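*Asks:* how would this look folded up:
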Amino acid sequence: MAKVSVIVPVYKVEKWLHRCVESLCNQTLKDLEIVLVDDGSPDHSGELCDDWAKKDQRIVVVHKSNGGLSSARNAGLAVATGEYVGFVDSDDDVLPAMYENMLHVALANQADCVMCDYQRVPQQGESYVVKKALKKGLYTRETIESTIFPQLIMTEKVDYGPLLSVWQCLYRRNFLVENGLKFAEDVKWSEDNLFSSLAGYCMQRFYYMDGAYYRYYENEGTITTSYRPGAWKEYSRMNVYLAEFFEGKTECDFYRQLQLHMLYYACCVLGMECHQGQSINEVVKRLKPILQDSRLMGYMKDFDLPEVNLKLKIQLFLVKHRLALPLAYILRR
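*Replies:* Numbers count the residues shown, from 1 in each chain. This next block holds a predicted model:
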């Protein structure tokens, strides 16, 4: 059994895969299992995975039909043997000491999860470090509930909480197994938000450590930079899963966070749709089905607008009252 298993979903990344896998093979932690999951990639990525496995016996390759990022991560979890598990996206890479340092912190603090900072690498300009609005150090169950729970799903700024991205984290594998934590395979996008919210609720001991060891590349053509047809359906399904899990949980006002979560993704999709119509009338037609969604309307009935900047507050007001025409003008501008 390896100390750490790193799961890497692979799909159409032959351009970047070498950079990613090389950074894992060069980790200072040698007791490492690298699980490359070829998610039915139509390019040569699958063959490159097999080539890497011939070079390094620590590499395990899983070939499967295409099922999406969540499906690939679950397939990796199914074969991982490490005491701890990490996730790396195949178009990113990590610094050499990442998993040695994270494992040391995890074992020393008996942590269910350890999180580090990351470097964001834009296509142009210099990279920069992204930090969380959390104090560094150990969080027991008491401090998790008092500090993290109020921003676990969504913050009052209508933005993500601190536990968003799984690739910043190292998880105790038995913690995931004991709590039945997997990725929802029918949620195609923002699956980290769902997984991390559930994992955050289940944690007994969490550690936020010093150091930005992960490098996130803003590569051209990724799903985060493109229009997503059917996105509202996906995000609504994610909100349903969150509501089902957090219903009846009393440690925090999770209902308020569910409202903010639904509103956040409504704004995201409304922003996408406003650029697809050629005229204002076409834009209004695209916005109305979202504004009239029964679940969104239910959440907005008793919703108090958060204290955000004026521009966002106006947008949220228009969404709450389903005013498609003025919203279309504002979003187009």
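*Asks:* so which strand or helix has the spatially most central residue of the chain?
*Replies:* Among the residues of the chain, the one closest to the centroid is residue 192, at 2.6 Å (Cα atoms, centre = their mean). Using DSSP states H and E, residue 192 sits within helix 191-202.
*Asks:* centre of the chain versus the following helix or strand past that helix, how much separation?
*Replies:* Going down the chain from helix 191-202, the next helix or strand is strand 206-217, by DSSP H and E. Taking Cα atoms, centre = their mean, to the nearest Å, one finds the center of strand 206-217 at 14 Å from the center of the full chain.
*Asks:* can I assume residue 133 sits in a strand?
*Replies:* No. The assignment for residue 133, made by DSSP: H, G, I helix; E, B strand; the rest coil, is coil rather than a strand.
*Asks:* So it sits against residue 162, correct?
*Replies:* Yes. Assessed by Cβ atoms under 8 Å, residue 133 is found in contact with residue 162 at 6.4 Å. No exception for glycine: its C-beta is placed from N, CA and C like everyone else's.
*Asks:* who's more crowded, these two?
*Replies:* residue 162 (20 against 9; other Cβ atoms under 10 Å).
*Asks:* So that one: helix, strand or coil?
*Replies:* Applying three-state DSSP: residue 162 is coil.
*Asks:* And residue 35, by the same measure?
*Replies:* Secondary structure, three-state DSSP: residue 35 is strand.
*Asks:* For it, list each beta-bridge partner.
*Replies:* Beta-bridge pairing for residue 35 (DSSP bridges): residue 7, residue 60.
*Asks:* Run through the residues that contact it.
*Replies:* Neighbour list for residue 35: 5, 6, 7, 8, 59, 60, 62, 76, 79, 80 [criterion: Cβ atoms under 8 Å, 6 or more residues apart in numbering].
*Asks:* hmm, who's touching the helix or strand where residue 114 lies?
*Replies:* Using DSSP H and E, the element containing residue 114 is strand 113-121. Contacts to strand 113-121, defined as Cβ under 8 Å, 6+ apart, come from residues 98, 101-102, 105-106, 127-132, 162-163, 165, 167-172, 175, 199, 203, 206-218.
*Asks:* So what's the residue count around the closest residue to residue 258 other than its chain neighbours?
*Replies:* Nearest non-adjacent residue to residue 258, counting by Cβ to Cβ, 6 or more residues apart in numbering: residue 243, 5.6 Å away. Other residues lying near residue 243 total 16 when counted by other Cβ under 10 Å.
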